[in-house]
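J.: heads up, no residue letters with this:
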């Protein structure tokens with residue numbers, strides 16, 4: 001059996017719960033951004049084996065978030081939200097604090113480019129922020145558990161610091177711009 005259902009040939013797709021929507025629907029855009037982030041994290045994972053456990057966990061959490069976002073009915077959305085909330089293997093705030101302690105204080109804006117791997121982490125951060133914007137937009141029209149939005153927001157912080165730590169570990173050249181006081 002082929003994965004091509006040909007249903008999308010007419011510009012439509014089905015949500016996880018079977019509801020038919022346009023491929024331009026905000027739900028499709030939102031979980032598409034989540035899917036893109038999961039894919040970019042997979043790319044990053046091959047460069048930074050020392051973060052594999054964290055990245056694997058993050059990808060799984062995002063996969064569950066996407067199931068929430070792709071659900072058309074509240075009971076299915078609630079089921080996946082509960083699954084998301086149960087998985088507490090790591091805490092993003094703890095990861096962030098660990099990365100900040102390793103890197104040190106940042107007093108400048110950073111231009112992503114220190115190393116190829118750090119740049120990949122910054123791509124993940126940028127996609128994460130786009131994902132967050134669309135999740136927030138979607139939450140203006142339907143209920144999205146606030147913990148999902150908090151997770152995605154904190155994840156962008158983690159990815160920013162992960163990029164800095166990767167660059168530091170790989171001996172990348174610092175590329176900062178001093179902040180003006182005006």
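T.: Arrived safely, thanks for sending. Not measured: the values here are computed from a predicted model.

J.: residue ranges of the helices in this protein, please?
T.: Counting by DSSP state H, the chain has helices at residues 26-45, 52-69, 74-86, 92-103, 116-139, 146-169.

J.: what mean pLDDT does the first one have?
T.: Here the mean pLDDT over helix 26-45 is 97, rounded to a whole number.

J.: Ok, stretch 146-163 next?
T.: Mean pLDDT, stretch 146-163: 97.

J.: and it, how far from the chain's centre?
T.: 7 Å (C-alpha atoms, centre = their mean, to the nearest Å).

J.: neighbouring contacts of that stretch?
T.: By C-beta atoms under 8 Å, 6 or more residues apart in numbering, the list of residues contacting stretch 146-163 from outside reads 48, 51, 58, 61, 65, 68, 81, 84-85, 92-93, 95-96, 99-100, 103, 110, 112, 114, 118-119, 121-122, 124-125, 128-129, 131-132, 135-136, 139. Backbone N, C-alpha and C define where each C-beta goes, glycine included.

J.: Give the buried subset of those as a PyMOL selection command.
T.: In PyMOL, this line selects whichever of the contacts of stretch 146-163 come out buried by 16 or more other C-beta atoms under 10 Å:
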select buried, resi 48+51+58+61+65+68+81+84+92+95+96+99+100+103+110+112+114+118+119+121+122+124+125+128+129+131+132+135+139
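
J.: So for the residue positioned nearest the centre of the chain, what's the nearest residue that isn't a sequence neighbour?
T.: The geometric centre of the chain, computed from its C-alpha atoms, lies nearest to residue 128 (C-alpha atoms, centre = their mean), at 4.0 Å. Distance criterion C-beta to C-beta, 6 or more residues apart in numbering; nearest residue to residue 128, sequence neighbours excluded, is residue 156 at 4.4 Å.

J.: how far away is the one you found from residue 130?
T.: 10 Å (C-beta to C-beta, to the nearest Å).

J.: Please apply the same query to residue 114.
T.: Distance, residue 114 to residue 130, by C-beta to C-beta: 22 Å.

J.: what's the answer for residue 55, then?
T.: From residue 55 across to residue 130, the span is 19 Å (C-beta to C-beta).

J.: neighbour count winner among those two?
T.: residue 55 (21 against 16; other C-beta atoms under 10 Å).

J.: show me the contacts for the more buried one.
T.: Contacts for residue 55 (C-beta under 8 Å, 6+ apart) come out as 41-42, 44-45, 48.

J.: ditto for residue 143
T.: Residues near residue 143 by C-beta under 8 Å, 6+ apart: 74, 77.

J.: Over to residue 34?
T.: Neighbouring residues of residue 34 by C-beta under 8 Å, 6+ apart: 62, 65-66, 69, 131.
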